[in-house]
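1. Take a look and give me a structure for this.
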Amino acid sequence: MTPVEQSTVSQYLHTQLPTQGDLTFSAFKGGASNLTYAVKDEQQEWIMRTSPPGTKAKGAHDMNREYKLLQKLHPHFNLCPEVVLFCDDEAVFPREFYLMKPINGIIIRQQLPDIYNGTDLSQLCKQLMAVHVKLHQVPTHNLQNFNKGPGYIERQITGWVHRYNRVTPENDVAQPVIQWLSKNMPNDNREYTLIHNDYKFDNVVFDPNNTNKIIGVLDWEMTTIGDPLMDLGCSLAYWFEANDHKAMQKISMMPTYLDGMLSRDELVHQYSLSSGLVIDDYHFYYIYGLFRLAVIVQQIFYRYQKGQTDNPAFKPMGMIRDLILKQALTHLK
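-> You can find the predicted model right below:
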């Protein structure tokens, strides 16, 4: 955010919020999707979310959709952020943004925080699954605008294949995965629930005073109504474990491969115990999650190749894409 943009947004926020003194803006590091800033005055703090500049995939980075979802969801699921305001005035900022109240605590990213050294890491995994189930049990009567009706599984497969075809790399290794997913879609007869679509350690906040307890769930950009096991598959795609190839562990966004963390099989078992859902075979959902993640990575890499972003962190995305696809290939049945 440029100094001029900060000044304009500050002037606007002074008219909308009970601010006290000058506002400061600090960008959160990391992340490859939406941009997030801490906005502070002398006594208060808010979180600002907006889309990245440049060309975007259709339907992605919709701040208004995310704002409306959180506005409706918070009374029923208080682990999501509480939104404060939404702005789509280009005279204030060139892209839509919204503000929400912060949820301060511990976030597990690539390195395990020191506070967890010597602790039972399986308890973190069990809490992660317990909250995932709680999220899937949220009443959805006031969220039906986010429900596109029956056919969720097929829509996801065809939709992500379409997105991949729009940014297909020169050395394409995804075709066997695409063909397998198209041929092995399960019956779509499960009750649809609220699904997060990006639920993982670095999108949850743990309580600093009770370090095994989740007090917040972040990043609701891709939330919708659909099959909860498709959501679980998306989470499993990020879960690289000790038995995976060392290269997979090196690109892991979270320390899920450490001793004491649950395996993917154990995570699914934990989810099944908490939800009551019988899960005989989760491989379709896992491979779907891996393919979807590979498409997201390729979309980012495509933007980098086309010069739409110059973030050097995106340079290895092509290699990461192929590692994820190879992981999917090894699990085809």
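2. any chance you could read off phi and psi for the nearest residue to residue 163 once chain neighbours are set aside?
-> Computed as CB to CB, 6 or more residues apart in numbering, the closest residue to residue 163 that is not its neighbour in sequence is residue 295, at 5.3 Å. Glycine gets a C-beta too; all of them are placed from N, C-alpha and C. Note on residue 295: its backbone torsions stand at phi -70, psi -40 [degrees, to the nearest 10].
3. Count the neighbours of residue 295 for me.
-> Close neighbours of residue 295, defined as other CB atoms under 10 Å, add up to 24.
4. The stretch 201-333 of the chain: strands as residue ranges?
-> Ranges of strands in the stretch 201-333 of the chain, per DSSP state E, counting those that start in this stretch, are 204-207, 210-217, 224-226.
5. looking at the ones you listed, which is closest to residue 320?
-> Nearest to residue 320, of all the strands of the stretch 201-333 of the chain, is strand 204-207, at 22.6 Å by CB to CB.
6. quick one: the closest one to chain centroid distance?
-> Averaging C-alpha positions (CA atoms, centre = their mean, to the nearest Å) puts strand 204-207 15 Å from its chain's average.
7. likewise stretch 75-91?
-> The chain centre lies 17 Å from the centre of stretch 75-91; the measure is CA atoms, centre = their mean.
8. can you check stretch 132-152 too?
-> Chain-centre distance of stretch 132-152: 17 Å, with CA atoms, centre = their mean.
9. ditto for stretch 225-245
-> Relative to its chain's centre, stretch 225-245 lies at 12 Å (CA atoms, centre = their mean).
10. Renumber starting at 27 from here on
-> Right, with 27 as the first residue, what we last looked at is stretch 251-271.
11. In contact with the nearest residue to residue 226 once chain neighbours are set aside, which residues are there?
-> Excluding the flanking residues, the one nearest residue 226 by CB to CB, 6+ apart is residue 264, at 4.7 Å. By CB atoms under 8 Å, 6 or more residues apart in numbering, the residues touching residue 264 are 226, 278-280, 282, 315, 319.
12. how much space is there between the nearest residue in space to residue 239 that is not next to it in sequence and residue 297?
-> Of all residues not flanking residue 239 in the chain, residue 233 sits nearest, at 4.4 Å (CB to CB, 6+ apart). Using CB to CB, to the nearest Å, residue 233 is found at 22 Å from residue 297.
13. what does residue 319 give?
-> 19 Å.
14. for residue 190, what are its contacts?
-> Counting by CB under 8 Å, 6+ apart, the residues that residue 190 touches are 200, 204, 317, 320-321, 324.
15. Distance check, the residue nearest to residue 189 against residue 224.
-> 13 Å.
16. Which stretches in the stretch 177-326 of the chain count as helices?
-> 178-192, 201-209, 254-263, 272-276, 290-301, 309-331 (DSSP state H, counting those that start in this stretch).
17. So this structure: which segments form each domain?
-> Domain segmentation of the chain under automatic domain parsing yields 29-126, 140-356.
18. Where among those is average confidence lowest?
-> Mean pLDDT values for the domains of the chain show the minimum at domain 29-126, a mean of 89.
19. ok, residue 233 and residue 297, which is more surrounded?
-> residue 297 (24 against 14).
20. which residues touch the nearest residue to the more buried one once chain neighbours are set aside?
-> Nearest residue to residue 297 in three dimensions, chain neighbours excluded: residue 155, at 4.8 Å (CB to CB, 6+ apart). For residue 155, the contacting residues are 293, 296-297, 300, by CB under 8 Å, 6+ apart.
21. For residue 113, give me its contacts.
-> 38, 119, 122-124.
22. Could you list which of the residues you listed belong to strands?
-> 123-124 (DSSP state E).
23. Going by distance to residue 336, which of the contacts of residue 113 wins?
-> Each of these was scored against residue 336 by CB to CB, and residue 119 proved nearest at 21.1 Å.
24. what about the closest one, distance to residue 75?
-> According to CB to CB, residue 119 and residue 75 sit 12 Å apart.
25. quick one: which of these two has more around it?
-> Between residue 119 and residue 75, counted using other CB under 10 Å, the more crowded position is residue 75 (26 against 18).
26. What residues are bridge-paired with that one?
-> According to DSSP bridges, the residues that bridge with residue 75 are residue 62, residue 124.
27. I figured it hits residue 124, correct?
-> Yes - using CB atoms under 8 Å, residue 75 is in contact with residue 124, at 5.9 Å.
28. hey, what's in contact with both of the two?
-> 89, 92.
29. okay but residue 38 is in contact with residue 114, surely?
-> No - contact criterion CB under 8 Å: residue 38 and residue 114 do not qualify, at 11.8 Å.
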